[in-house]
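Asker: Dropping the sequence and predicted coords here.
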Amino acid sequence: MIEILAALSASAAAGIRIALPLLVIGILQGKKLWSQVPILSHIYSPVLLGLLSSWTLLELVATKKLLGQRVLQLVQLFLSPLVGAIMGLAVASATQMPHWIIGLIGGMLAFILQLVQVGWFYRLRGLPNWTVFVQNILCVLLVCFAITAPTSGGLIALILLWFAVVSGKYWYDWYWGGRG
């Protein structure tokens, strides 16, 4: 059960950002870098470090402008299920549950959280700059919790999922309330 909570925590981080959680999990592994991460272990580490560092910097810079947020959210929406599955598998490799189930659950959670971000982006007509800071801090914390305190990280991921459900209900009421 602990491994599943760790996978949820890591996948939730991938639902917030794409490159930052992959970069953090590689750094937290020490000298091995991404040797224990599925798919990424086949990529040359210095190249992967440069790519993820560049993408993380791009995520930080592009979120300052409305157009940058739009473009990043489209890319993140399509890549979040893949990164969520990779993150879930990276931290829950010792579980008895089949890996495809962990990958599927992690990918779906990341996709749902990314959809919530896109929904709030269009509802608010752009995200304020302070939310970018909160997202980055939460993303790093979720990855750290996935490794050091999976129960706490899993609980935070489940709270984020609850927030996604409440947001969906809010948008539904807002949409139909405006028509009636």
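Answerer: Cool, got the structure.
Asker: Could you check how far stretch 46-65 is from the centre of its chain?
Answerer: 15 Å (CA atoms, centre = their mean, to the nearest Å).
Asker: Rounded mean pLDDT for stretch 140-152, please.
Answerer: For stretch 140-152, mean pLDDT is 93.
Asker: nope, stretch 57-70 is what I meant
Answerer: 89.
Asker: Would you mind listing the buried residues in it?
Answerer: 59, 62-63, 69 (16 or more other CB atoms under 10 Å). Using the backbone N, CA and C atoms, a C-beta is placed for each residue, glycine as well.
Asker: Over to stretch 88-97?
Answerer: Quick answer for stretch 88-97 (16+ other CB under 10 Å): 88-92, 95.
Asker: so which pair among these is furthest apart in space?
Answerer: Pairwise distances across those (CB to CB) peak at 12.0 Å, for the pair A90 and T95.
Asker: any idea which of the buried residues of stretch 88-97 is the one closest to G153?
Answerer: Closest approach between these and G153, by CB to CB: V91, at 9.1 Å.
Asker: how many other residues sit next to V116?
Answerer: 21 (other CB atoms under 10 Å).
Asker: ok, it - contacts?
Answerer: When the contact criterion is CB atoms under 8 Å, 6 or more residues apart in numbering, the partners of V116 are 163-164, 167-168.
Asker: V132 and T63 touch, don't they?
Answerer: Yes. Taking contacts as CB atoms under 8 Å, V132 lies within contact range of T63: 4.5 Å.
Asker: and for these two, which residues touch both?
Answerer: In contact with both V132 and T63: no residue, using CB under 8 Å, 6+ apart.
Asker: The longest helix belonging to the chain: how far from the chain's middle?
Answerer: Counting by DSSP state H, the longest helix found in the chain is helix 150-179. How far helix 150-179 lies from its chain's middle: 16 Å, per CA atoms, centre = their mean.
Asker: Could you number the chain from 20 rather than 1 from now on?
Answerer: Happy to do that; since the first residue is 20 now, the last one works out to helix 169-198.
Asker: Output the below-cut-off pLDDT ranges for this structure.
Answerer: Along the chain, the parts satisfying pLDDT under 70 run over 113, 197-199.
Asker: What are the boundaries of the helices in it?
Answerer: 21-35, 38-47, 64-81, 85-110, 118-143, 148-167, 169-198.
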